[in-house]
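Engineer: here is my input, please return the structure:
(2 chains)
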Amino acid sequence: MTDIGWQEQTQRLSLAEPADYWALLKPRVMSLVVFTAFVGMLIAPHRGSILLDAVALFAIALGAGASGALNQWWDADIDAVMTRTKNRPIPAGRITPEAALGFGLTLSVASVLLLGLVANWLAAGLLAFTVFYYVVVYSMWLKRLTPQNIVVGGAAGALPPVVAWAAATGSLAWPPLVLFALIFLWTPPHFWALALLKCDDYARAKVPMLPVVAGPDATRHQILAYAVVLLPLGLVPWATGFAGPLHGATALVGGAVFVALAFRVWTIREGAAARTACGRLFGFSILHLFLLFAVLAGERLAGLV
Amino acid sequence: MMPLTLAPDGHRLTEAEARARRLRNRAIGLALAGTVALFWVVTMAKIAHGGLH
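Structural biologist: I've put the predicted structure just below:
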């Protein structure tokens, strides 16, 4: 007879609630993915059933959430030392890394299979690539390796409209690729404005963000350069005919404000005013991207294009 | 999570552990029911659009 069953052993019982698993999905990022994917689907020329489109969007959202969960699994050590992320479920100890890994992998497979079954396998393949790119190429490889991490990694966040177009049409075309380019070039100035504000956090976590590695001044040059390039790119949907003049005007005005705010970040480099400038650029960048996509959708729904 | 020392007669869940488990079970149940409903709706929609042969 053995007394193994009677020995004191330390186990851990989970106090994780559904809200913690919901937080693993990064719901705010997921909502942006759903929004850009929705617009990508809306401008696609051929669609089947609205219901199947909705389920395809759900699958894309699920894939985005799975990427978020796997990202949090991999980056738990970084999240634990950054004030912005230390209360996430894994560093806070509410969910074990193993549970997050299982949750993320299960959702990844489920989202890709669902999109393949409900739409087509081109879209499913693109979704699988997006998850792989975000988790492996960005999170595991680039994020801790190079200050260009978010430049290359930004492709993952830019792919949802392409996946949605593919889900609706079964093919690819220029319009979703233009939307891809818009998000791709929008991402670096957006995140670098935040990185200028959270520079100490990133340095403590040893994440080689551009302000940490190259310094704030070099980051300000890059932000301004990307803002200048983003302005004409925003006009491409109108110039190529898949958006109307309202979108062109929005891109022009919004792009000009974006450049002006980036210029303020470039000129004001010290003190509270510099932080305010970065905060304003960060906030406006979100509004700018939202408006670019919302107007595109609005024009389609109103029959203006 | 909380460290747990097993007593010979097993572990009695604390109020917090029981609540968390109840909520997780409820969420899993809803997710499973939602998955069944989703596949039923998708199948019906595919049939309606001639997508199943």
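Engineer: low-confidence stretches in chain A?
Structural biologist: Applying pLDDT under 70 to chain A flags the ranges A:1-13, A:47.
Engineer: list the residues that contact residue 23.
Structural biologist: No chain in the question, so chain A it is. A:Ala23 is in contact with A:88-89, counting by C-beta atoms under 8 Å, 6 or more residues apart in numbering or on different chains. From N, CA and C alone the C-beta is placed, and that goes for glycine too.
Engineer: looking at chain B here, not the other one
Structural biologist: So B:Leu23 contacts A:17-18 (C-beta under 8 Å, 6+ apart).
Engineer: what do you get for A:Ala181?
Structural biologist: By C-beta under 8 Å, 6+ apart, the neighbours of A:Ala181 are A:158, A:233, A:236.
Engineer: mind redoing it with 10 Å?
Structural biologist: Contact analysis of A:Ala181 by C-beta atoms under 10 Å, 6 or more residues apart in numbering or on different chains lists A:158, A:229-230, A:233, A:236.
Engineer: kindly report the same for A:Phe242.
Structural biologist: A:Phe242 neighbours (C-beta under 10 Å, 6+ apart): A:43, A:45, A:173-176, A:178-179, A:236, A:296, A:299-300, A:305.
Engineer: make CSV out of those residues and add distance to B:Glu15.
Structural biologist: Output for these, formatted as CSV (distance: C-beta to C-beta, whole Å):
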residue, distance to B:Glu15
A:Ile43, 52
A:Pro45, 57
A:Ala173, 57
A:Trp174, 59
A:Pro175, 55
A:Pro176, 51
A:Val178, 55
A:Leu179, 50
A:Val236, 58
A:Leu296, 51
A:Glu299, 54
A:Arg300, 52
A:Val305, 58
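Engineer: A:Ala243: which of the residues you listed is nearest?
Structural biologist: A:Leu296 (5.3 Å; C-beta to C-beta).
Engineer: may I see the buried residues of the helix or strand hosting the closest one?
Structural biologist: Per DSSP states H and E: A:Leu296 is located in helix A:271-301. By neighbour count on 16 or more other C-beta atoms under 10 Å in any protein chain shown, the buried set for helix A:271-301 is A:274, A:277-278, A:281-282, A:284-285, A:288-289, A:291-293, A:295-300.
Engineer: give me the neighbour count for residue 24.
Structural biologist: Picking chain A for this. Using other C-beta atoms under 10 Å in any protein chain shown as the criterion, A:Leu24 is surrounded by 27 other residues.
Engineer: try again with chain B
Structural biologist: 17.
Engineer: touching, A:Arg84 and A:Arg204? I think so.
Structural biologist: No. At 11.4 Å, A:Arg84 does not count as touching A:Arg204 under the criterion of C-beta atoms under 10 Å.
Engineer: centre of the chain to stretch A:212-228, how far?
Structural biologist: Centroid separation between stretch A:212-228 and its chain, computed with C-alpha atoms, centre = their mean, to the nearest Å, is 20 Å.
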